[in-house]
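In: the sequence and its predicted three-dimensional model are supplied below.
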Amino acid sequence: VGTRFSDFTTASKSAFQNPDAAFLNLNISAFDAVKMDAAVITADAKEAIAALQEALTKRGYRSGYTEGRISGLKAEWDEEVNRLYALESDEGLTQTRAIGVINGFVEPTDVIVCAAGSLPGDLHRVWRSVEPKTYHMEYGFSCMGYEISGAFGAALAEPSRNVYSFVGDGSYLMLHSEFVTAIQEGVKLTVLLFDNHGFQCIHNLQRGHGSDGFGNEFRYRA
């Protein structure tokens, strides 16, 4: 419903490898509705969902998934998240452990904002939201620098909530000046800086594709 099937959210389409998978896309944009060789409904989401519910109810439709199957999968994933939250490494604090610590102390009404690097992927899988409107990610283009400016906007929109910006040290360099704007406007936000010595998400991609790392670590010129 309303998805653009971006490269990030589909894991470059590798998330859909089951040959029996079929798609019904409900979208106001015909361009996005036709993706993934889907059956297409070009319509307003709210109106179309109501119409689909009425039509399926008349036909006596029931999901192939049982409540027990869904709750069982949920329990398995909760156990995996617990493992990742407690993950130890000889190389230092793991990112999922840090996320778990933060998730443990924020309030249910607090808002988190993130955008680039490996953080959105980890947060997407392991962050435990409690209330609506508390999880704000820029998934479309992984815009480095959005983290602080986006958190500033969230704090303007929800002045009664605490807003936390999750940002890597590389992305922090892109638009940290909006921190000053927040101070000028008297708007409170909290920046949580993940220091992994540079642009390590891209660095890992470089090396994973057979290249030496280039330009993604903080080094003195030789």
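Out: Yep, it's here.
In: next one: the longest helix anywhere in the chain to chain centre, how far?
Out: Criterion DSSP state H: the longest helix present in the chain is helix 67-85. Centroid displacement of helix 67-85 relative to its chain, using Cα atoms, centre = their mean, to the nearest Å, is 19 Å.
In: what does it rub up against?
Out: Thr94, Thr96, Arg97, Ile99, Gly100, Val101, Asn103, Arg125, Val126, Arg128 (Cβ atoms under 8 Å, 6 or more residues apart in numbering). To be clear about C-beta, it is placed using only N, CA and C from the backbone, and glycine gets the same treatment.
In: out of those residues, who's nearest Ala154?
Out: Closest approach to Ala154 among those (Cβ to Cβ): Asn103, at 17.6 Å.
In: hmm, who's touching the helix or strand hosting that closest one?
Out: Element membership for Asn103 (DSSP states H and E) is helix 95-105. Applying Cβ under 8 Å, 6+ apart, the contact partners of helix 95-105 are 84-88, 118-119, 122-123, 126-128, 164, 166, 192, 194, 196.
In: quick one: contacts for Lys13?
Out: Applying Cβ under 8 Å, 6+ apart, the residues near Lys13 are Met36.
In: for the closest residue to Thr10 other than its chain neighbours, helix, strand, or coil?
Out: Closest residue to Thr10 apart from its sequence neighbours, by Cβ to Cβ, 6 or more residues apart in numbering: Phe16 at 6.8 Å. Assigned state for Phe16: coil (three-state reduction, DSSP: H, G, I helix; E, B strand; the rest coil).
In: ok, Phe16 - how many residues close by?
Out: For Phe16, the tally of surrounding residues (other Cβ atoms under 10 Å) stands at 12.
In: ok, it touching Met36?
Out: Yes - taking contacts as Cβ atoms under 8 Å, Phe16 lies within contact range of Met36: 7.0 Å.
In: confidence score at Ala142?
Out: Careful, residue 142 is Ser; it's not Ala. With respect to pLDDT, Ser142 scores 78.
In: and for His136?
Out: Looking at His136, its pLDDT stands at 95.
In: helices and strands of the chain: which one has the lowest mean pLDDT?
Out: helix 200-208 (a mean of 88; mean pLDDT, DSSP states H and E).
In: which parts of the chain are strands?
Out: 24-27, 39-42, 111-114, 135-137, 163-168, 190-194 (DSSP state E).
In: what helices or strands is the last one leaning on?
Out: Contacting strand 190-194 under the criterion 3 or more Cβ pairs under 8 Å, 6 or more residues apart in numbering; DSSP states H and E are the following elements: helix 95-105, helix 146-157, strand 163-168, helix 169-175.
In: flag the shaky bits of this protein, pLDDT-wise.
Out: 140 (pLDDT under 70).
In: with mean neighbour count and distance to Lys74 as extra columns, can I get the strands of the chain in JSON lines?
Out: Below are the strands of the chain laid out as JSON lines (neighbours: other Cβ atoms under 10 Å; distance: least, Cβ to Cβ, whole Å):
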{"stretch": "strand 24-27", "mean neighbour count": "19", "distance to Lys74": "24"}
{"stretch": "strand 39-42", "mean neighbour count": "14", "distance to Lys74": "28"}
{"stretch": "strand 111-114", "mean neighbour count": "26", "distance to Lys74": "21"}
{"stretch": "strand 135-137", "mean neighbour count": "19", "distance to Lys74": "18"}
{"stretch": "strand 163-168", "mean neighbour count": "26", "distance to Lys74": "24"}
{"stretch": "strand 190-194", "mean neighbour count": "16", "distance to Lys74": "27"}
